[in-house]
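1. return a 3D structure for these sequence lines:
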Amino acid sequence: MNRTTTLTAMTVMILAVGTIAQAQEALDLAKMGAMMRRNQEEIRQYTWNSTMTLLVDDQQRRMDTFTVRILPNGSVEKMQTSSEVAKGKVRGPDGKKLSKKELEAAREFVLRVKDQLDGYLNPMFAEKAVKTSSVKREEGKIILESHDVMTTGDSVVITIRQATARPAAADIRTAVDGSPVSLEVMFDSIEHGPNYPSRSVTTGTWNGMKVTIVAENSNYKLNG
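-> You can find the predicted model right below:
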């Protein structure tokens, strides 16, 4: 290859790299945020089944199944269809057995945490998380990271599949009552429809014990 050909090849390569970089910088977060908002608004037109499993220090204590829908005012309506409570006692960090009342208090705490963290999937906050994010790229993925979305000091990391521009996962970290809590979400999509949280794991600490709610959602059907 002569010098002229080599310089031409190098020029083409530099221009190509520049074009790729320019395309990457041209990511329209406002447009992506608006799309995320529309998706979250569309999912509110569906009714679905949700199985919620309570774990205390990684021991399964209860499993409840619900039919769920979101009312026009934004509140969540859940109709319970089944419930299973594990037998046997759970011991706290001090070795003492927890009473039914204490176990219910732990459950109520983590459900309250879940309700608060699920607020990040609200159309308005979902859009804000995307619009205010910083962007990082990995192979086949776009990683969006934002902070102070709902409360000071929180963080939201959303993983987007680059090929489909659909969300794959989200990781939310914040605090409730001064205690660190987290929500990890995996997304799936309805054929010819919106994305939805197929599985979520909400984790917090109650009286020195790890409490977790695992929610698995399925069977999405349009209302009416």
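2. which SSE is the residue nearest in space to the middle of the chain in?
-> Residue closest to the average C-alpha location in the chain (C-alpha atoms, centre = their mean): residue 185, at 3.3 Å. Residue 185 is part of strand 179-189 when elements are defined by DSSP states H and E.
3. now find how far off-centre that strand is within its chain.
-> Taking C-alpha atoms, centre = their mean, to the nearest Å, the mean C-alpha location of strand 179-189 is offset from the chain mean by 4 Å.
4. stretch 81-95 too?
-> For stretch 81-95, the distance to the chain centre is 27 Å (C-alpha atoms, centre = their mean).
5. need the distance between the two termini of it.
-> In stretch 81-95, first residue to last residue: 34 Å (C-alpha to C-alpha, to the nearest Å).
6. what's the average pLDDT for that stretch?
-> On average, the pLDDT along stretch 81-95 is 84.
7. give me the contacts around that stretch.
-> 49, 56-57, 59-67, 97-98, 102-103, 207-209 (C-beta atoms under 8 Å, 6 or more residues apart in numbering). C-beta coordinates here come from the backbone N, C-alpha and C atoms, glycine included.
8. filter these down to the buried ones.
-> Among the contacts of stretch 81-95, those classed as buried by 16 or more other C-beta atoms under 10 Å are 56, 61, 62, 63, 64, 65, 66, 98, 102, 103, 209.
9. buried residues, stretch 163-181. List them.
-> 167, 168, 169, 170, 172, 173, 174, 176, 181.
10. also stretch 44-54?
-> Buried residues in stretch 44-54 (16+ other C-beta under 10 Å): 44, 46, 47, 48, 50, 51, 52, 53, 54.
11. in the chain, which spans are strands?
-> Counting by DSSP state E, one finds strands in the chain at the ranges 46-56, 59-70, 76-85, 134-138, 141-147, 155-161, 166-176, 179-189, 195-206, 209-222.
12. dump those strands to JSON lines, plus distance to residue 109.
-> Supplementary listing: those in JSON lines, determined by distance: least, C-beta to C-beta, whole Å:
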{"stretch": "strand 46-56", "distance to residue 109": "11"}
{"stretch": "strand 59-70", "distance to residue 109": "13"}
{"stretch": "strand 76-85", "distance to residue 109": "17"}
{"stretch": "strand 134-138", "distance to residue 109": "32"}
{"stretch": "strand 141-147", "distance to residue 109": "25"}
{"stretch": "strand 155-161", "distance to residue 109": "22"}
{"stretch": "strand 166-176", "distance to residue 109": "8"}
{"stretch": "strand 179-189", "distance to residue 109": "9"}
{"stretch": "strand 195-206", "distance to residue 109": "5"}
{"stretch": "strand 209-222", "distance to residue 109": "6"}
